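>>> below are the sequence and a predicted model for it; my questions follow.
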Amino acid sequence: MSGPRLPAPDWRSILFVPADRPAFIAKAHTRGADALQLDLEDAVAPAARPAAREGLPAAIAGLAGHGLPVIVRINRPWLDAVADLQAAVHPGVAAITLPKVEEPGRVQAIAELIGELEAERGMAPGAVGLLLLVESPAALPRLHELAGCSPRVLAMTLGPEDYCLAAGCEPHPEALLAPNLAVAQACAAQGRLPLGFVGSIADFHDLDAFRARVAQARRLGFRGAAVIHPSQVPILNEGFGPSVEELAWAARVVAAADRAGAAGEGAFRLDDRMIDRPVLLRARRWLAMAGRGG
């Protein structure tokens, strides 16, 4: 695929769903997540992957029929990855998650394979995006290049458990802060969606602590995250979405911008603050998110 980049999505919450669990898949659309990630990698035992692949097109179609973006996480080894892509690239899939990314060339090769499958299956060129999962220190020097290596790249996130295993450290916040910030800044530089929070994705029992991590993540520049338990989804939606006060302020900014535009003005003052294009765009994005979320 060549040409303009796919627009970065506004996914506050992505819920992992094992691709071999029909009962979980059947209820996934009721969990309130902005997007659902069918997992063919860690959540599925190797012996169960062939059956999971066989059922994947129907699962994608069913979830997409509820109006939800569907993401599929594939495996890294090439033979598994190709088989996973054959099963995953079907109408209704919004993105493919690539685990353990380190080389831009590999991302580009997979993007080309996706393009061939899109053409074979009558899908629009560029219909399927990519979510990059950083899981080793070897990827850190290449984060900016990875985020910008293909027009299909939508988002990037750190896989904390695998990253810490590869780095020889514990999945504690002090070890995860620097790589998370590096991912967020690379996404910001390339206009991609930064996903994540500073902590272990495996720890989902303490929801108060999780809420604090989400609040911190938003302050650090993250705009969403992927989680493994439905109880975490409302916290992501609230934490990464605009507050009532922010929405009220955004509505005032947009209204004032309309008045300023009618008067032929660019930047303008509101409440003793100068409002220019970045502030206006942030306000419009918050209002759009609120409209989507009802």
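Happy to help now that I have it. Numbers count the residues shown, from 1 in each chain.

>>> quick check: buried residues in the helix or strand where Q108 lies?
Q108 belongs to helix 104-120 when assigned by DSSP states H and E. By 16 or more other CB atoms under 10 Å, the buried positions in helix 104-120 come out as P104, R106, V107, I110, A111, L113, I114, G115, L117, E118. Just so you know, the C-beta spots here come from the backbone N, C-alpha and C atoms, and that holds for glycine as well.

>>> tell me how far the second one lies from A81.
Put plainly, it is R106. Distance of R106 to A81, given as CB to CB, to the nearest Å: 9 Å.

>>> same thing with the fifth one?
In this structure, A111 and A81 are 12 Å apart, going by CB to CB.

>>> helices along the stretch 51-200 of the chain, start to end?
For the stretch 51-200 of the chain, the helices defined by DSSP state H, counting those that start in this stretch cover 78-88, 104-120, 143-147, 160-167, 173-190.

>>> of those, give the one that comes closest to A226.
Checking those against A226 by CB to CB gives helix 160-167 as the closest, at 11.0 Å.

>>> the closest one - contacts with which helices or strands?
Counting contacts by 3 or more CB pairs under 8 Å, 6 or more residues apart in numbering; DSSP states H and E, helix 160-167 packs against helix 173-190.

>>> any idea of the mean pLDDT in the helix it packs on?
For helix 173-190, mean pLDDT rounds to 96.

>>> and that helix with helix 160-167, angle?
Put simply, helix 173-190 runs at 110 degrees to helix 160-167, going by axes from the mean of the first three to the mean of the last three CA atoms, to 10 degrees.

>>> list the buried ones in helix 173-190?
Of the residues in helix 173-190, A175, L176, P179, N180, L181, A182, V183, A184, Q185, A186, C187, Q190 count as buried by neighbour count, 16+ other CB under 10 Å.

>>> list of residues touching that helix?
Helix 173-190 is contacted from outside by 134, 137, 140, 143-144, 146-148, 153, 155-158, 160, 163-164, 167, 169, 192-194, 196-199, 213, 217, 220-222, using CB atoms under 8 Å, 6 or more residues apart in numbering.

>>> same thing but at 6 Å, please
Identification of contacts with helix 173-190 by CB atoms under 6 Å, 6 or more residues apart in numbering yields 134, 140, 143-144, 147-148, 156, 158, 160, 169, 194, 196, 198-199, 220-222.

>>> quick one: neighbours of L132, just the number.
Residues lying near L132 (other CB atoms under 10 Å) number 28.

>>> for it, give me the pLDDT.
98.

>>> repeat that for the one 10 residues further on.
The model reports R142 with a pLDDT of 97.

>>> nearest spatial neighbour of it, chain-adjacent residues omitted?
With CB to CB, 6 or more residues apart in numbering as the criterion, R142 has its nearest non-adjacent residue at 6.5 Å, and that residue is P104.

>>> that neighbour and A147 touch, don't they?
No. The pair formed by P104 and A147 falls short of the contact definition of CB atoms under 6 Å, at 9.4 Å.

>>> which residues touch D276?
A267 are the contacts of D276 under CB under 6 Å, 6+ apart.

>>> so what does it look like in phi/psi?
The phi and psi values for D276, taken as degrees, to the nearest 10, are phi -120, psi -170.
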